[in-house]
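*Asks:* curious how this folds, go ahead:
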Amino acid sequence: MAVPELELFLEMIAAERGAARRTSKAYRSDLEDFADFLDARGRDLARAGREQISDYLTALSRSGMAATTQARRLSCLRQFYRFLIAEKIRSDDPTAAIDGPRRGKPLPKYLTEFETALLIETAALGHAARDIRLVALLELAYGSGLRVSELVSLPLNAAARDEGWLTVRGKGDKERIVPLSPPSRQAIEGWLMVRPVTNGRSRAASYLFPGRGVAGHLTAQTFYNELKELAVRAGIDPTRVSPHILRHSFATHLVANDADLRAVQQMLGHANIATTEIYTHVQDDRLSATVRRAHPLAALSDQMTGKKT
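*Replies:* Numbering: from 1, shown residues only. As a prediction, this is how the structure comes out:
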């Protein structure tokens, strides 16, 4: 079905914007899909109103289309109707009062408990000072859920007040107390035995993990790089391992084992509990997957629909 206004729009983006053939093809596909939707309801593309566009977006959502693809479709429609206004083909923009689809917040990535233990065990195979430091960093990152910036800048006396707790200065220069597990305490003690002797007047002297840079402490990038190398040695995909993923793993595993959400919030240093609640969604997803895999009715449903598990 030829739509004159559509052809004019495509000519414009090709001539004035220098759109690539693939881009023009995508615009055409999106607009023709909407035109077909309108045609089935006795309306045409150039004269569609807000109601028809809202109905179209609802239909896309119900079909299971990703929010990002829906947003692209709406962006295409916005550009098309603004073009029609500029060309004086119509005087109003039917997309003006339409909100884009809400994109779900991605769930945090995390390692399994087995993978986390494997990382620590692999690091512990080494006996050099660098290996012992890495074990301490891992135990603290996973055992206390520290942000990487908090971890690498821990003061030398951070764990000196009490054997079971660690004093951390986080975002907004706010101080909080986080639990220090026995393995973390042991790892710190092991590191202190081989920690390089630093000049008492240097900045490095005041940090648990001293560094040679201007900051005086180990850099986040150094820890990041060492984690990637460790993941390869442990046989874990290095793209799945980072300091932040260790923090996510800490929170995910606590929630999975029924830890109080308020306590997890305090340990992570979240100002708002809504930020912490994302970890309950991770657990919800795991429970749903378990039901789909193990419940007899789910297996029966798969058989009836011809799906294989």
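
*Asks:* switch to C-alpha atoms for all contacts and neighbour counts from now on
*Replies:* Will do.

*Asks:* once you drop chain neighbours, what's closest to the residue nearest to the spatial centre of the chain?
*Replies:* In the chain, the centroid-proximal residue (C-alpha atoms, centre = their mean) is Pro108; its distance is 4.8 Å. Of all residues not flanking Pro108 in the chain, His248 sits nearest, at 6.4 Å (C-alpha to C-alpha, 6 or more residues apart in numbering).

*Asks:* same deal with Tyr110?
*Replies:* Nearest residue to Tyr110 in three dimensions, chain neighbours excluded: Ser249, at 4.6 Å (C-alpha to C-alpha, 6+ apart).

*Asks:* tell me what the helix or strand hosting the one you found is packed against?
*Replies:* According to DSSP states H and E, Ser249 maps onto helix 243-256. With contacts taken as 3 or more C-alpha pairs under 8 Å, 6 or more residues apart in numbering; DSSP states H and E, helix 243-256 sits against helix 113-123, helix 129-144, helix 220-234, helix 261-268, helix 278-294.

*Asks:* CA-only coordinates of stretch 215-232, as CSV, when you get a sec.
*Replies:* Once non-C-alpha atoms are left out, stretch 215-232 reads as follows in CSV (Å, rounded to 0.1, in the frame of the first residue of the first chain):
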residue,chain,number,x,y,z
ALA,A,215,46.2,8.8,45.7
GLY,A,216,48.5,6.6,47.9
HIS,A,217,46.3,3.5,47.7
LEU,A,218,45.7,0.7,45.3
THR,A,219,43.7,1.8,42.3
ALA,A,220,40.3,0.4,41.4
GLN,A,221,41.6,-0.4,37.9
THR,A,222,44.4,-2.6,39.3
PHE,A,223,41.9,-4.6,41.3
TYR,A,224,39.6,-4.8,38.2
ASN,A,225,42.5,-6.1,36.1
GLU,A,226,43.6,-8.7,38.7
LEU,A,227,40.0,-10.0,39.0
LYS,A,228,39.8,-10.5,35.2
GLU,A,229,43.1,-12.5,35.2
LEU,A,230,41.9,-14.5,38.2
ALA,A,231,38.6,-15.4,36.5
VAL,A,232,40.5,-16.8,33.5
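
*Asks:* run through who's touching it.
*Replies:* 119, 122-123, 134, 148-149, 152-153, 202-205, 207-213, 237-239, 241-243 (C-alpha atoms under 8 Å, 6 or more residues apart in numbering).

*Asks:* in strands only, show me the residues you listed.
*Replies:* Of the contacts of stretch 215-232, none are assigned to strands by DSSP state E.

*Asks:* separate out the buried members of those.
*Replies:* Neighbour-count burial (16 or more other C-alpha atoms under 10 Å) applied to these gives 119, 122-123, 134, 148, 152-153, 203-205, 207-211, 238, 241-243.

*Asks:* which parts of the protein belong to which domain?
*Replies:* Annotated domains of the chain cover 4-86, 113-286 [automatic domain parsing].

*Asks:* looking at those, which is closest to Gly100?
*Replies:* Of all the domains of the chain, it is domain 4-86 that lies closest to Gly100, at 5.9 Å by C-alpha to C-alpha.

*Asks:* endpoint to endpoint, the closest one covers what distance?
*Replies:* 16 Å (C-alpha to C-alpha, to the nearest Å).

*Asks:* centre of the chain to it, how far?
*Replies:* Distance of domain 4-86 from the chain centroid (C-alpha atoms, centre = their mean, to the nearest Å) equals 30 Å.

*Asks:* for stretch 213-221, same thing?
*Replies:* For stretch 213-221 - counting by C-alpha atoms, centre = their mean - the centre lies 25 Å from the chain centre.

*Asks:* ditto for stretch 148-155
*Replies:* Taking C-alpha atoms, centre = their mean, the mean C-alpha location of stretch 148-155 is offset from the chain mean by 22 Å.

*Asks:* distance-wise, check the residue nearest to Pro108 relative to Ala158.
*Replies:* Taking C-alpha to C-alpha, one finds His248 at 22 Å from Ala158.
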